[in-house]
Structure formats: structure tokens, C-alpha cells
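Student: Sequence and computational prediction follow.
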Amino acid sequence: MAEHVTTGHSRGAGSTGEDVTTGQARRALVAGLGRRGFLLAAAGAGAAAGTGLSASPAGAATRPPRVEGPRGILQPGRGRIDGEHYLPSDVDRVRWGYVPAIGDDPVLTVRSGATVTIDTVSHEGILEDQGRDPVAWFAERGVPRRQVLDDAVEIARDYDRTPRSFDVDGPHVVTGPVFVTGARPGDVLKVETLSAVPRVPYGVVSSRHGKGALPRTAAGGAPDGITIDEVMPPVGTDGRGPGVDPEDYGNVSVFTPVDRRRGVWSGVMPVGASGEVTFPIDPFMGLMGVASAEGAPTAPALNSIPPTLGGGNIDINLLGAGSAFYLPVFSDGALFHVGDPHMAMGDGEVALTAMEGSLRSTFRLTVCKPGAGDAPEVAFGYPFAETDDVWVPIGLSDPDGSIGGQQSDLDVAMRRAVVNALDFLEAELGMTRAVAYAYLSAAADFRVSQVVDRTVGVHGVIQKSHFGR
């Protein structure tokens, strides 16, 4: 493996790093109470005064409010940067449509526990069926050049790491990978999202033929359960972009400004000739992963669309600021990467995309070793998540991605989410499996994460407050 050199920008230790006393307090409590006792005590008490502990298995530090609005136009490297390290999405530090492979060279190396601020770039406005010219595409929607991100322009114009094939490649601009010192196969990488700030005051929601919850089939017909008249976008919708047949794609993109309404940062969409609908934004990264497969840069196993055991395009809308995402490690250094920034997304992501929009996100990346009590046991074999309020077991229909074919069966994803929930409740909280099964049926929610990523997903929502006694 090549020598790992820090090639991103490093900064002095910032306030987002874990306080030493807090970390020592958490470890002392886990040692004294045992991991199970610590979880139950934390769930009952909420944030422990003076220690920065929450109901999180690793005692997440106190964080700022989850939803932040735009801080102006955050061009690369400009504006507030909170992390100890800064990673831009310039053309040499991204992959377009693919994720890093096991053993790939990193673009940044950090210690375990370090914080990294990453400027991510949305694919909306730069894709082939949108003309691959974000300045022109956004200008048609009233956005001046100064409000179009320079890194988006550079990627659309200059990206040549791999040839682009609109029919084959994923759409996502993936930034990284980041090598985390000390991470080895068999560990877990804990990814805490400390902030997720819109870089621009707008987003885009797109749908295309053959994709989404109501797709046209490859043969031009309708899938089971709907008629051809119910396909979305409607058959005959014109597409856009040179070299792209509009009858094949029918891209419909809804430009969605962000504005503050009734004190809440909101997306704004038109209703009729003069009305509007507004909804709160809740920014999060749709794609957060570690390298979990091998192959050439454009190998099918590395396509950015399907989520895998390494995370990737997981599309769970709970993973905003204040969340923790646990990923099993398959490669030295873990090789963390991010992409697919979202400003808002409903469960299911039915139209194909969320409200896509570039974000500046700060993460804390921590290596968790087996037996140390820093990560739930289920996370050593499968992605797992949590917020201050809930635990989130995850199920995927085809967790090896596109290897050996592709399965898009929600029943399979549901079963795996339930099994992972049972494993968590039994191993971490001491419930018998039969009682845990009954509890899940009575009090937990299982939600469709998304139905549009080839590998579909279901995630459970288990309330920590239920375990207060």
C-alpha cells in the first residue's frame, strides 16, 4: 500500500473534538456498569449533566441544533470551517458515479477521533441529461453565476478520472477516501455527523423514466400494480441535454429554493399559478461509506447507486447532525467517503432523488475495536445507526451491492432489519429474543428507507426513552 500522506488541509484541534474528561468519564461508566448497564442508565437519564454523555453507546458529545440554514454561498474553502481537517471536492479528490475500492490511495489521512469538514457537491445540475453545464442550467432557473459552486463547475467541465456513461454510471459525486489511522478489517468506524450546512440556498428534486417508485419498464410498459398512464414522469415527457434521447429519460427536475418561513428553514415548491407548499429542510448525507469491495475504478461492485455492508448510498433521513453511523471495516484505514448531499428527504425517496443540494458537513471519525464497548455488536457485521433519541437497525435487500445480480425485494430488507433489531436488543439490552420480538411488534417502527437504489432498504426506529427503567 502506498504511504499515507495527509493531502487535505489540516487545522488546529477544534472545539468539535471529544473532550478528554468526557471520554474518560464515558469509559469509566462503561467499565463500572458494563455496556448493557450503561446503555440502560443513559437511556433513562438522557444527557448526563457535566459529562457530555447521551444515550449513545459511545456517549456522543453535546452538539449544536440539528438543522442549520445556509451561511451564504459556501464556495470551496470560504466561510466557517469547523473541523480539524478540511477536504474540498476538487476534481482530483472525487469519483463520479463510483466509490473507492479496498486498498485505494487516500486523499486525506487523519487520526481516530479527528474531525473533518468536507465540502460535498450535489450531482443535480451537472448530469448529462441536464447538459453537464451547471452555470447554464441554473441560470435558466434564475440563479446567478456567483451562486453556482465553483467545484461543481470544475467537476462538470474537467472530470476525466473515468469516462462517463450515463446509462451505466452512478450519478453521485463521491469525495474521498479518508484513511483513519488504526482502522483494520474487523473493526467498526463510527461516523458522527456534527453539522450539515447548505452551501447554497436551493436544491433540486428530479425524476427520470425507468427509475423511482413508478417507473416505466425497460420494455416500455408499466410495472405490476400500475398502468402505463400512472407511470412517472408521464410517458412522452421531454428530457434535456445534448446527446441524450428525451424519450429515454424524460427528466423532470423541480428547482426548490430554501427560505426561512415562520422561523423554520424550508424548501419552497410551487402550487398552481401563484401558490406554494413549504416543508422543513433537514440536511443529511445520503451516501456515507467505507471501502467494502475490490475492483477496477468502474467495476460494477463499486457503482455508487446500491448501498452495501460498507454503507454507501444508505439514504436514511435520520442521519443528520447529531447522529452516529456505525460501519464494519473491510480495509486498512477504513477509507471513508461521502456524497449525495440532501437538504430534505421523505421516507422512500419515491421520485428517485431527495431534495438534492450541496452541503458542508463536519464529521468525527472514530475507530471502534471489538470488545471495547464503543459500538454495538451488530455493527461489526452490518451498518447500524442512532440519534440522541432512537436506535436504528438497518436492513438491505442485497447487501453485497450488484455482485452476483441485484435483488430489490422490500420483504428481504424488512426481515434483515428485524433480525438486526433483535440481535441488538438481545446483545446490548439483555432482552430475551421472544420478548424483544413482541416489543418490536408493539412499539417500534420499521420504515422504508428508499425504493430507488436497486438495493432497497428498511430501517427500524427504536425509542431510547422506552428503556428508561
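Tutor: In hand now; what should we look at? Numbers count the residues shown, from 1 in each chain.

Student: Spatially nearest residue to V350 (excluding sequence neighbours)?
Tutor: Beyond its immediate neighbours in the sequence, the residue positioned closest to V350 (C-beta to C-beta, 6 or more residues apart in numbering) is A213, lying 4.0 Å away. The C-beta positions use only the backbone N, C-alpha and C, and glycine is treated the same way.

Student: ok, that neighbour - contacts?
Tutor: Listed by C-beta atoms under 8 Å, 6 or more residues apart in numbering, the contact partners of A213 are M232, G348, V350, A351, V451, V452.

Student: pLDDT weak spots in the stretch 1-150 of the chain?
Tutor: For the stretch 1-150 of the chain, the stretches flagged by pLDDT under 70 are 1-38, 40-66.

Student: Which residue ranges of it form strands?
Tutor: Remark: strands of the stretch 1-150 of the chain, listed N- to C-terminal, are 9-10, 85-87, 94-96, 108-110, 114-119; assignment by DSSP state E, counting those that start in this stretch.

Student: out of those strands, which comes closest to Y159?
Tutor: Proximity of the strands of the stretch 1-150 of the chain to Y159 was assessed by C-beta to C-beta; the nearest stretch is strand 94-96, lying at 5.3 Å.

Student: isn't G395 right next to V456, touching?
Tutor: No: G395 is not in contact with V456 according to C-beta atoms under 8 Å; the separation is 9.4 Å.

Student: Just confirm the residue nearest to V350 is within a strand.
Tutor: No: per DSSP: H, G, I helix; E, B strand; the rest coil, A213 lies outside any strand segment and is coil.

Student: For the stretch 201-350 of the chain, which segments are assigned as strands?
Tutor: With DSSP E, counting those that start in this stretch as the criterion, the stretch 201-350 of the chain has strands at 202-207, 252-261, 264-271, 275-280, 284-289, 311-312, 324-328, 336-344.

Student: most neighbours per residue, which of those?
Tutor: Of all these, strand 311-312 carries the top mean neighbour count, a mean of 30, counting by mean count of other C-beta atoms under 10 Å.

Student: OK, contacts around G182?
Tutor: Each residue near G182 by C-beta under 8 Å, 6+ apart is listed here: R111, S112, V367.

Student: And it, how close does it get to A417?
Tutor: Relative to A417, G182 is positioned 30 Å away (C-beta to C-beta, to the nearest Å).

Student: Narrow the contacts of A213 to just the buried residues.
Tutor: Burial of the contacts of A213 was assessed by neighbour count (16 or more other C-beta atoms under 10 Å); the buried members are M232, G348, A351, V451, V452.

Student: Dump those residues into JSON lines; add distance to D445 and pLDDT as well.
Tutor: Written out in JSON lines, the entries for those read as follows (distance: C-beta to C-beta, whole Å; pLDDT from 0 to 100):
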{"residue": "M232", "distance to D445": "27", "pLDDT": "91"}
{"residue": "G348", "distance to D445": "14", "pLDDT": "97"}
{"residue": "A351", "distance to D445": "22", "pLDDT": "96"}
{"residue": "V451", "distance to D445": "17", "pLDDT": "95"}
{"residue": "V452", "distance to D445": "21", "pLDDT": "94"}
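
Student: if we can go back for a sec, need the contacts of G182 in CSV with distance to G373 and neighbour count, can you?
Tutor: Listed next are the contacts of G182 as CSV, based on distance: C-beta to C-beta, whole Å; neighbours: other C-beta atoms under 10 Å:
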residue, distance to G373, neighbour count
R111, 20, 13
S112, 15, 18
V367, 14, 22
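
Student: Closest one of the residues you listed to D315?
Tutor: V367 (25.0 Å).

Student: Show the contacting residues for that closest one.
Tutor: V367 is in contact with S112, V180, T181, G182, A183, D187, V188, L189, K190, V329, A334, counting by C-beta under 8 Å, 6+ apart.

Student: likewise Y439?
Tutor: Taking C-beta under 8 Å, 6+ apart, one finds L425, M431, H466 in contact with Y439.

Student: Which one (most neighbours) among these?
Tutor: The residue in the contacts of Y439 with the most neighbours, by other C-beta atoms under 10 Å, is L425 (24 neighbours).

Student: list the contacts for that one?
Tutor: By C-beta under 8 Å, 6+ apart, the contact set of L425 is M431, A436, Y439, L440, I462.

Student: if we go to 10 Å?
Tutor: Contact partners of L425, counting by C-beta atoms under 10 Å, 6 or more residues apart in numbering, are 378, 391, 393, 431-433, 435-437, 439-440, 444, 462, 467.

Student: Quick check, pLDDT for it.
Tutor: According to the per-residue confidence, L425 scores 98 in pLDDT.

Student: Touching, G142 and V148? I think so.
Tutor: No: G142 is beyond contact range of V148, at 11.7 Å (criterion: C-beta atoms under 10 Å).

Student: Between those two, point out the one with more neighbours.
Tutor: Per other C-beta under 10 Å, whichever of G142 and V148 has more neighbours is V148, with 20 against 10.

Student: now the more buried one: how far from T120?
Tutor: Following C-beta to C-beta, the distance that separates V148 from T120 is 15 Å.

Student: before we move on, what about P328?
Tutor: P328 sits 23 Å away from T120, taking C-beta to C-beta as the criterion.

Student: G221 too?
Tutor: Separation of G221 from T120 (C-beta to C-beta) stands at 37 Å.

Student: Look at these two and report which has more neighbours.
Tutor: For the pair G221 and T120, the greater number of neighbours falls to T120 (27 against 11), based on other C-beta under 10 Å.

Student: thought that one was touching S89?
Tutor: Yes: counting by C-beta under 10 Å, T120 does reach S89; the two are 6.1 Å apart.

Student: anything in contact with each of those two?
Tutor: Contact with both T120 and S89 is made by residues D151, V173, V174, T175, V338, G339, P341, S358, according to C-beta under 10 Å, 6+ apart.

Student: export the residues you listed to JSON lines and tack on distance to D315 and pLDDT?
Tutor: Conversion of the shared contacts of T120 and S89 to JSON lines gives the following (distance: C-beta to C-beta, whole Å; pLDDT from 0 to 100):
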{"residue": "D151", "distance to D315": "23", "pLDDT": "98"}
{"residue": "V173", "distance to D315": "16", "pLDDT": "98"}
{"residue": "V174", "distance to D315": "14", "pLDDT": "98"}
{"residue": "T175", "distance to D315": "17", "pLDDT": "98"}
{"residue": "V338", "distance to D315": "13", "pLDDT": "98"}
{"residue": "G339", "distance to D315": "11", "pLDDT": "98"}
{"residue": "P341", "distance to D315": "12", "pLDDT": "98"}
{"residue": "S358", "distance to D315": "17", "pLDDT": "98"}
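
Student: what's the closest of these to I102?
Tutor: Checking these against I102 by C-beta to C-beta gives V174 as the nearest, at 15.1 Å.

Student: So in terms of bridging, what pairs with the closest residue to that closest one other than its chain neighbours?
Tutor: For V174, the nearest residue in space outside its immediate sequence neighbours is G339; the separation is 4.0 Å by C-beta to C-beta, 6+ apart. Taking DSSP bridges, one finds L287 as the beta-bridge partners of G339.
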